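Engineer: Fold the following.
(chains A and B)
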Amino acid sequence: MPDTAATAATAASPVAHSATNTAADVGPSIRAVRLPGAGKLLVAQIRYQVRLLLSSGRAIAVGVGLPVILLVASKGKDTRPDVAGYAVFGLTITAWSTYGVRLVAAREDGVLKRWRATPLPRWCYFLGRILATVLVAVLAGAVTVAAALVFYGSHFGDGPATQLTVTAAFAIVAVLFLGAFAWAATATALTSAIPTVEAAFPTLIFIYFPVIIISGVLFTNISEPQWLSTFATYLPAQPLMDAVTHAVRHAAGAPFLPVRDVIVLACWAIGGLLVAIVIFRWEPHRSTQRRAARIQQ
Amino acid sequence: MAMSAVTVDRLTKQYGDLAAVDEVSFDVPDGQLLAVLGPNGAGKTTTLEILEGFSAPTAGTVRVLGTDPHRGDRAWRARIGLVLQSTSLDAELTVADTLSLFAGLYPAPWPLGEVLELVDLTDDAQTRVGALSSGQRRRVDLAIGIVGRPEVLFLDEPTTGLDPEARRRTWAGVGNLTSAGTTVVLTTHYIDEADHLADRVIVLAGGRIVADTTPGELRRRGGPSTICYRLPDHITGADLPPGLARHLDTNRRNLIIASNDVAASLRELIGWADRQHLDLAGLEVGPPSLEDAYLATIGEPSTSEVHSHA
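Structural biologist: Numbers count the residues shown, from 1 in each chain, chains lettered A, B, ... in the order given. The predicted structure is shown next:
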């Protein structure tokens, strides 16, 4: 392309100059330069998504603030609140509702479409978004546990047999991580079926509250039929609570990270991710509709 | 041998029974700025999104930098840049942070300072994207489109909805790029945008190419040039020879000559002015309106209008 090179060489713009320099220095193909590595890109994506989440004040107020407020407010004379329930509440509201609504909004605003057109590997964007949410959701759960520690001491839960040891804390973080991944992966799969931002919150909440309530996350003393309780053990909320409860009772001889709970959560995480990968939608629904309408004119 | 950065051969895209794009063919040589002009629904965005790899053609072949865009890999994506029709940015980050995030995806990005200067956003580098005006956001879109040093840049209506000042600034940014050798394909429904920026114009209507030409050539199709002259106060219509007097407007003060032979009309006017000792101050000779040419072109989508410029 001799013409354009000559134009660039004579142009006064500093940008035009450096274009010429690059072409001259590196030869005809500057594309021999390697693309950035996927690991570095994934870390950059996670950092970026975490920043976006943390800069959303309302999301943090609901995911981190609300469970702590409920935890402190529910302190009765004789009863101690169920820490695991509030931790799971904060985690799920972040990894399910907040995450799902933001994902639909990003898709309908064309943000996902824009990213898809960059050299960023698609899985990198996808996974970066999920992992950032998982980190913030784990933070929400961990803050609730820490608040319990501050208000009730290390012997919290439903009796003196419970104690938050250092190993228990690690176990809790690990299970919160798996649980948050399960919720976020499942939400990713579901969002592909939600057509508009307006529909996102009602749809997500319509599923969320029944699951939370039959799993006893917020109200532990409701009586429900046995089959419903059994059913809840196959959903991702009850096993998560159960695993957190076991971790704090570990000092009293409870099994460390119950295998069944971990398996159920892992099934949701992997299953949700696989479905999400197959049906994930990058393009906004609205642009398709608008274009169809325009052509119909 | 000069390569074509973009090759489109009998491209067709069907949505149901409707052909949004119907057997469209064109090449864009390296370094050219092609404007695709046309009314809403003409198939501009559909064509562009196929070139960008978002959707596959129903029939025909498309190559961008020698690659089928729908199968373009990371290395190919690193060589193209694009600006979508609507802004698509996260509002929470600053302009500089947004740009550096995108710059990190490419093997040889422009230095951020230069990109900011190119799109005239240096002073707003630390502003949150959400706090910018729509014109500024559009220029952030443009900055993201070019930060990876693309060889081919696709711009989908880059200045729709901007005020005249913001449009001028965006044009200046695009102008700088083409002088650095980037191939640009832009869609627009502003004729002045095509006129200002493009080396070449393709007019689409109803999914077909109705003109493939230069802005100047398109203008020539718009009909006669116009000569305007306001008569000095001491001259009346009665002083004019009959050949000129018939071009007087209704209040008989302005001479408006729509002429297919500008030289002959001017000779007649100048001969008369010499005899009257007039200096013809304020004389205007206007080109045919590009808008008229464009409207005439999309109004008559006949195959005889199609010119191929290889």
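Engineer: all contacts plus neighbour counts: C-alpha atoms, from now on.
Structural biologist: Noted.
Engineer: Domain-wise, how is the chain divided?
Structural biologist: I went with chain A, as the question did not name one. Domain ranges of chain A: A:1-33, A:38-296, per automatic domain parsing.
Engineer: Wait, chain B was what I had in mind.
Structural biologist: As recorded under automatic domain parsing, the domains making up chain B are B:4-79+B:151-220+B:293-305, B:225-286.
Engineer: Out of these, flag the one nearest chain A.
Structural biologist: Among those, the nearest to chain A by C-alpha to the nearest C-alpha is domain B:4-79+B:151-220+B:293-305 (4.5 Å).
Engineer: what mean pLDDT does that closest one have?
Structural biologist: Averaged across domain B:4-79+B:151-220+B:293-305, the pLDDT comes to 87.
Engineer: before we move on, the earlier item: dump the domains of chain B into a markdown table; add distance to A:Ala142 and mean neighbour count as well.
Structural biologist: Below are the domains of chain B laid out as a markdown table (distance: least, C-alpha to C-alpha, whole Å; neighbours: other C-alpha atoms under 10 Å in any protein chain shown):
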| stretch | distance to A:Ala142 | mean neighbour count |
| --- | --- | --- |
| domain B:4-79+B:151-220+B:293-305 | 38 | 20 |
| domain B:225-286 | 73 | 14 |
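Engineer: And B:Ile191, how close does it get to B:Thr67?
Structural biologist: 31 Å (C-alpha to C-alpha, to the nearest Å).
Engineer: Report the separation between the residue nearest to A:Ile93 when sequence neighbours are not counted and chain B.
Structural biologist: Once flanking residues are discounted, A:Ile93 sits nearest to A:Gly63: 5.9 Å by C-alpha to C-alpha, 6 or more residues apart in numbering or on different chains. Using C-alpha to the nearest C-alpha, to the nearest Å, A:Gly63 is found at 19 Å from chain B.
Engineer: Count the residues that sit near A:Gly63.
Structural biologist: Applying other C-alpha atoms under 10 Å in any protein chain shown, we find 27 residues neighbouring A:Gly63.
Engineer: what's near enough to touch it?
Structural biologist: A:89-91, A:93-94, A:137, A:140 (C-alpha atoms under 8 Å, 6 or more residues apart in numbering or on different chains).
Engineer: can you rerun that using 10 Å?
Structural biologist: Residues in contact with A:Gly63 (C-alpha atoms under 10 Å, 6 or more residues apart in numbering or on different chains) are A:87, A:89-95, A:97-98, A:136-137, A:139-141, A:143-144.
Engineer: Kindly state the pLDDT recorded for it?
Structural biologist: 85.
Engineer: ok so, going back, of the domains of chain A, which stretch is the most buried?
Structural biologist: Greatest average neighbour count among the domains of chain A goes to domain A:38-296 (a mean of 19), per mean count of other C-alpha atoms under 10 Å in any protein chain shown.
Engineer: same for whichever strand or helix holds B:Arg219, what does it pack against?
Structural biologist: Using DSSP states H and E, B:Arg219 falls within helix B:215-220. In terms of contact count using 3 or more C-alpha pairs under 10 Å, 6 or more residues apart in numbering or on different chains; DSSP states H and E, helix B:215-220 is assigned the packing partners helix B:191-197, strand B:200-205, strand B:208-213, helix B:290-299.
Engineer: 7 Å instead, please
Structural biologist: For helix B:215-220, the elements it packs on are helix B:290-299, judged by 3 or more C-alpha pairs under 7 Å, 6 or more residues apart in numbering or on different chains; DSSP states H and E.
Engineer: Please put the alpha-carbon coordinates of the next helix or strand after the helix holding B:Arg219 into PDB.
Structural biologist: Moving toward the C-terminus from helix B:215-220, the next helix or strand (DSSP H and E) is strand B:225-230. Output in PDB follows, covering the C-alpha atoms of strand B:225-230 (Å, rounded to 0.1, in the frame of the first residue of the first chain):
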ATOM      1  CA  SER B 225     -25.300  23.800 -10.900                       C
ATOM      2  CA  THR B 226     -26.700  27.100  -9.700                       C
ATOM      3  CA  ILE B 227     -25.500  30.600 -10.400                       C
ATOM      4  CA  CYS B 228     -26.900  33.300  -8.000                       C
ATOM      5  CA  TYR B 229     -26.400  37.000  -8.400                       C
ATOM      6  CA  ARG B 230     -28.200  39.800  -6.500                       C
END
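Engineer: Run me through the strand neighbours of strand B:225-230, direction for each.
Structural biologist: According to DSSP bridges, strand B:225-230 forms sheet pairs with strand B:254-259 (antiparallel), strand B:284-286 (antiparallel).
Engineer: can you tell me which residues contact A:Ala106?
Structural biologist: Taking C-alpha atoms under 7 Å, 6 or more residues apart in numbering or on different chains as the criterion, A:Ala106 is in contact with A:Leu112.
Engineer: How about the secondary structure of it?
Structural biologist: helix (DSSP: H, G, I helix; E, B strand; the rest coil).
Engineer: one step back: what's the distance between the residue nearest to A:Ile93 and B:Leu132?
Structural biologist: Counting by C-alpha to C-alpha, the separation of A:Gly63 from B:Leu132 is 29 Å.
Engineer: what separates stretch A:111-124 from the chain centre, distance-wise?
Structural biologist: In terms of C-alpha atoms, centre = their mean, to the nearest Å, the centre of stretch A:111-124 is set 18 Å apart from its chain centre.
Engineer: show me what contacts the nearest residue to B:Ser4 once chain neighbours are set aside?
Structural biologist: Once flanking residues are discounted, B:Ser4 sits nearest to B:Pro29: 4.1 Å by C-alpha to C-alpha, 6+ apart. By C-alpha under 7 Å, 6+ apart, the contact set of B:Pro29 is B:3-6.
Engineer: between those residues, which is nearest A:Arg34?
Structural biologist: B:Ala5 (21.7 Å; C-alpha to C-alpha).
Engineer: follow-up on the earlier one: weakest of the domains of chain A by average pLDDT?
Structural biologist: Of all the domains of chain A, mean pLDDT reaches its minimum on domain A:1-33 (a mean of 42).
Engineer: And chain B, is stretch A:263-282 touching that?
Structural biologist: No. Under the criterion of C-alpha under 7 Å from any C-alpha of the partner chain, chain B is not reached by stretch A:263-282; the shortest gap measures 9.8 Å.
Engineer: Now do the strands in the stretch 51-200 of chain B.
Structural biologist: Taking DSSP state E, counting those that start in this stretch, the strands of the stretch 51-200 of chain B run over residues B:59-64, B:80-83, B:152-156, B:183-188, B:200-205.
Engineer: and the angle from the third one to strand B:183-188?
Structural biologist: So that's strand B:152-156. Here strand B:152-156 runs at an angle of 10 degrees relative to strand B:183-188 (axes from the mean of the first three to the mean of the last three C-alpha atoms, to 10 degrees).
Engineer: Off-centre distance for the longest helix anywhere in chain A?
Structural biologist: Counting by DSSP state H, the longest helix found in chain A is helix A:122-152. How far helix A:122-152 lies from its chain's middle: 8 Å, per C-alpha atoms, centre = their mean.
Engineer: Name the next helix or strand downstream of that helix, please.
Structural biologist: Once the chain leaves helix A:122-152, the next helix or strand it forms, by DSSP H and E, is helix A:166-191.
Engineer: Tell me how far that following helix lies from the chain's centre.
Structural biologist: On C-alpha atoms, centre = their mean, the centre of helix A:166-191 falls 9 Å from the chain's centre.
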